[in-house]
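Novice: A structural model of the following input is requested.
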Amino acid sequence: MLKNRIQELQQQVTPFYAYDLNLLRQTLQSAASEAGKYNFHVHYALKANANSPILSEMKNVGFGADCVSGNEVKCAIENGFKPQDVVFAGVGKSDTEINYALDQDIFCFNCESSHELEVLNELATAKGKTARVALRINPNVNANTHKYITTGLEENKFGINAWELEGVLDLLDTLPNISLIGIHFHIGSQITDLSVFKNLCTRVNEFQEWFVARNITLEHLNVGGGLGVDYYTPDENLIPDFEAYFGLFNQFLEVRPGQQVHFELGRALVAQCGTLVSKVLYIKKGITTNFAILDAGMTELIRPALYQSYHKIENLTSDKPEVRYDVVGPICESSDCFGKAVMLPETNRGDLVAIRTAGAYGEVMASAYNLRDKAAAIYL
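Specialist: Residues are numbered from 1 along each chain as shown. Prediction:
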């Protein structure tokens, strides 16, 4: 799509984020349709991208909001999400954030420790409110993804471990302003092996039985998100396989009568609709490689520096024979590199370069390091 609008893009000040709203709408409709087959409830994870036009599309399709900070809760409500559709997760909620969410009467707090439950009860009591909570349980399921975005192992900081649950239930009996309505799981991000989610279903079923044996009725099951996208060949898989994803949970998750099942999808909904567009500043010829130096850097897309992640890189303006380049940014860090030994059409100063699949964890993680100006966003 971008190559078809090259003249328009050349008028923009680079770098900038380009969002394909038609692709976003197609993706959301696919997810909503497949989830709707089973009456599953989807909450969009704002941490992936919190731009107002993106949030408007989420709200229009009927998704709720999954938030991991007080400002995300505020952002969701200010962008029109109903408080009863807002979930607040996160391992380190501050008193100020909790108080704001209590004042908004949000749907649920996903709680991650006994100490958090005690603090939440104290703050809710002071306001004369009852806080609805789901216990985030660590299922000790390996997501088979990057170690920085794995969250479901006992070695991770997230969630309540199985061996702590008896003590947590005893504690809940002493907290009158806490109402337990469900259990919550999230095992990691960028999961492309669906068998991982089958393993999660097995663990959720086991925990359900544990609660049933103690005569505890759970109204809600929240199985988190984590569905990955195709960074290597994005044009072949622009829309994730939501049919297989939701169908797997329908097949293997044992849902009891009256229970609601919730998902927290982020990356899978927005990653492919966003592209970081940059301009080539210089070509530097080295001994073993050539460098294509862009005006975008790790300040606009930190994932390659932080996770050593791959993003497909395209030259939008050149159709010359291919040459090998290390594609790097202007930041004073050797880690400011988008890709090594990338084959691109012969590239020159002024060429436009597209870094694909940047709609999730791109703009939202941007920084002003080196006192960089914030890159603009355009919507196509």
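
Novice: what about the stretch 51-200 of the chain, any weak spots by pLDDT?
Specialist: Along the stretch 51-200 of the chain, the parts satisfying pLDDT under 70 run over 142-157.

Novice: hey, where'd the helices end up in it?
Specialist: 52-60, 70-78, 95-104, 114-127, 165-172, 195-212 (DSSP state H, counting those that start in this stretch).

Novice: Mind putting those into JSON lines with mean neighbour count and distance to residue 366?
Specialist: All C-beta atoms are positioned from the backbone trio N, CA, C, and that covers glycine. Formatted as JSON lines, the helices of the stretch 51-200 of the chain follow (neighbours: other C-beta atoms under 10 Å; distance: least, C-beta to C-beta, whole Å):
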{"stretch": "helix 52-60", "mean neighbour count": "18", "distance to residue 366": "15"}
{"stretch": "helix 70-78", "mean neighbour count": "19", "distance to residue 366": "16"}
{"stretch": "helix 95-104", "mean neighbour count": "17", "distance to residue 366": "22"}
{"stretch": "helix 114-127", "mean neighbour count": "17", "distance to residue 366": "30"}
{"stretch": "helix 165-172", "mean neighbour count": "14", "distance to residue 366": "38"}
{"stretch": "helix 195-212", "mean neighbour count": "17", "distance to residue 366": "30"}
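
Novice: Out of those helices, which gets nearest to residue 338?
Specialist: helix 52-60 (22.9 Å; C-beta to C-beta).

Novice: Which one of the helices of the stretch 51-200 of the chain lies nearest to residue 234?
Specialist: Closest among those, using C-beta to C-beta: helix 52-60, at 17.9 Å.

Novice: Could you list every helix and strand in contact with the closest one?
Specialist: If you count contacts as 3 or more C-beta pairs under 8 Å, 6 or more residues apart in numbering; DSSP states H and E, helix 52-60 packs onto helix 21-36.

Novice: Which parts of the helix it packs on count as buried, going by neighbours?
Specialist: 23-24, 27-28, 30-32, 34-35 (16 or more other C-beta atoms under 10 Å).

Novice: cool, stretch 253-267 as well?
Specialist: Those buried within stretch 253-267 under the rule 16+ other C-beta under 10 Å are 253, 255, 261-267.

Novice: Next: stretch 318-328.
Specialist: 318, 323, 325-328.

Novice: Please convert those to a markdown table, extending it with secondary structure.
Specialist: A markdown table is the format used below for these (DSSP: H, G, I helix; E, B strand; the rest coil):
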| residue | secondary structure |
| --- | --- |
| 318 | coil |
| 323 | strand |
| 325 | strand |
| 326 | strand |
| 327 | strand |
| 328 | strand |
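
Novice: how about the strands in the stretch 101-250 of the chain?
Specialist: Using DSSP state E, counting those that start in this stretch, the strands of the stretch 101-250 of the chain run over 108-111, 131-138, 160-161, 178-184, 220-222.

Novice: Residue 330 touches residue 293, doesn't it?
Specialist: Yes - between residue 330 and residue 293 there is a contact at 6.6 Å, judged by C-beta atoms under 8 Å.

Novice: Report the set of residues contacting both of those two.
Specialist: Here residue 330 and residue 293 have residue 281 as joint contacts, going by C-beta atoms under 8 Å, 6 or more residues apart in numbering.

Novice: rewinding a little: out of the strands of the stretch 101-250 of the chain, deepest packed?
Specialist: Mean neighbours per residue, mean count of other C-beta atoms under 10 Å, is largest over the strands of the stretch 101-250 of the chain for strand 108-111, with a mean of 26.

Novice: quick one on the thing from earlier: just name the closest of the buried residues of stretch 253-267 to residue 77, please.
Specialist: residue 264 (17.3 Å).

Novice: same for the helix or strand containing that closest one, what does it pack against?
Specialist: For residue 264, the enclosing helix or strand under DSSP states H and E is strand 260-265. Where contact means 3+ C-beta pairs under 8 Å, 6+ apart, strand 260-265 is packed against strand 41-45, strand 220-222.

Novice: Which residues does the longest strand seen in the chain contact?
Specialist: The single longest strand within the chain, with elements called by DSSP state E, is strand 274-285. For strand 274-285, the external contacting residues (C-beta under 8 Å, 6+ apart) are 2, 9, 12, 14-20, 49, 290-296, 300-301, 316, 330, 347-360, 362-363, 375.

Novice: So in that sheet, which strands flank that strand, and in what orientation?
Specialist: strand 16-19 (antiparallel), strand 290-294 (antiparallel), strand 352-355 (antiparallel) (DSSP bridges).
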